[in-house]
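Novice: Next comes the sequence, and after it the predicted model I'd like to discuss.
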Amino acid sequence: MDLKEIEKKIEDLRKTINQHNYSYYVLDQPTITDQEYDELMRELIQLEEQYPQFQTPDSPTQKVGGQPLPYFEKVEHKVPLLSLGNAYNEQDLYEFDRRVRQVADNQEVRYMVELKIDGLAVSLTYENGLFVMGATRGDGTTGEDITQNLKTIRSLPLRLNEPVTIEVRGEAYLPKKEFERINRIREERGEPLFANPRNAAAGSLRQLDPKIAAERGLDIFLYGIGTIEGKELSSHSEGLNYLEQLGFKVNKERRLFTNIDDVISFVKEWTTKRPTLPYEIDGMVIKVDSYPLQRALGFTAKSPRWAIAYKFPAEEVVT
Ligand SMILES: NC(=O)c1cnc(N)c2cc(Br)sc12
């Protein structure tokens, strides 16, 4: 093959593998066997090593982790990653609804209710559709650049379906089965165990050697847009659907309601269904859906007035 044909072969391999990644890790619908997948990856890694001039930042080979870093750079978030006020019972939710309707006046109020993933909040920045930077929440204003580790998350797209410049936020987490597998290995090695999946996810993402992060089946759900160029969105639900369109993994257990009683029933439903999930959640997030109404409600010093986190009661520890 001449160089043109080799470049074409590498591009075709990249496209095929990225498509399989998307089906397997975002849609949970495998399209080839692990064996066939590994075969394709081996061929692509070998060709990229032989022809480095054809390497690109969105190649799936970027997911295996590069060289260890001496430390993590600090990064300033353009839009702060805020924390949420907490609700602990129905009364708190009725109170939240009353405050929202005070500002909403007579306009219809829609609430988007989502699972509150028990992981590590992160921000992802894409320029013209390419993943360029990922950071921890940190103190909400300043986080740590953990791009190399986030790249190893299989469901995190290195190139979006549209060449959009956008900053999105989500929760990196460790599925329960992965958490148990990692702790079994640590136990065999006589290493200290992780207390829970959240600590394990945080510990994995704070590794300076991305090859360690790559071994730990981290995953991510995206749930918010910080900044976006050249696109007008009118609601949070429209924003989430757009994130899915771009190729992000967005949690499917979300639902829109027009009254707080139905929100409370949905919260109760998930309080009991929680153990059936393959990942841990520590509550539910209730957000006003309309962006104009979110703007009208604004923020307190540290959290939005248009959202609240309902915290599940602490699980009884079975001794
Ligand atoms: N779906 C969501 O909005 C969501 C899910 N899981 C979380 N841990 C958080 C945290 C904030 Br802040 S929002 C949010």
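Specialist: Received, thanks. Numbers count the residues shown, from 1 in each chain.

Novice: The stretch 151-300 of the chain against the ligand: which residues are in contact?
Specialist: Residues of the stretch 151-300 of the chain that fall close to the ligand, judged by C-beta under 6 Å from any ligand atom: E171, Y223, G224, V285. Using the backbone N, CA and C atoms, a C-beta is placed for each residue, glycine as well.

Novice: The same query, at a cut-off of 5 Å, please.
Specialist: Contact residues of the stretch 151-300 of the chain with respect to the ligand, defined by C-beta under 5 Å from any ligand atom, are listed as E171, Y223, V285.

Novice: Report the secondary structure state of the last one.
Specialist: For V285, the secondary structure call by DSSP: H, G, I helix; E, B strand; the rest coil comes out as strand.

Novice: which residue does the stretch 151-300 of the chain bring closest to the ligand?
Specialist: Of all residues in the stretch 151-300 of the chain, Y223 sits closest to the ligand, at 3.5 Å by C-beta to the nearest ligand atom.

Novice: shaky segments in the stretch 101-250 of the chain?
Specialist: The stretch 101-250 of the chain contains no residues with pLDDT under 70.

Novice: Mind jotting down where the strands sit in it?
Specialist: Per DSSP state E, counting those that start in this stretch, the stretch 101-250 of the chain carries strands over the ranges 111-117, 120-127, 130-136, 142-144, 166-173, 219-228.

Novice: a markdown table for these, including mean neighbour count?
Specialist: Below are these laid out as a markdown table (neighbours: other C-beta atoms under 10 Å):
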| stretch | mean neighbour count |
| --- | --- |
| strand 111-117 | 23 |
| strand 120-127 | 22 |
| strand 130-136 | 20 |
| strand 142-144 | 18 |
| strand 166-173 | 23 |
| strand 219-228 | 20 |
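
Novice: Just to check, V79 is in contact with I225?
Specialist: No - under the criterion of C-beta atoms under 8 Å, V79 lies out of contact with I225, with a separation of 9.2 Å.

Novice: residues shared between the contacts of those two?
Specialist: Taking C-beta atoms under 8 Å, 6 or more residues apart in numbering as the contact criterion, the residues that touch both V79 and I225 are E167.
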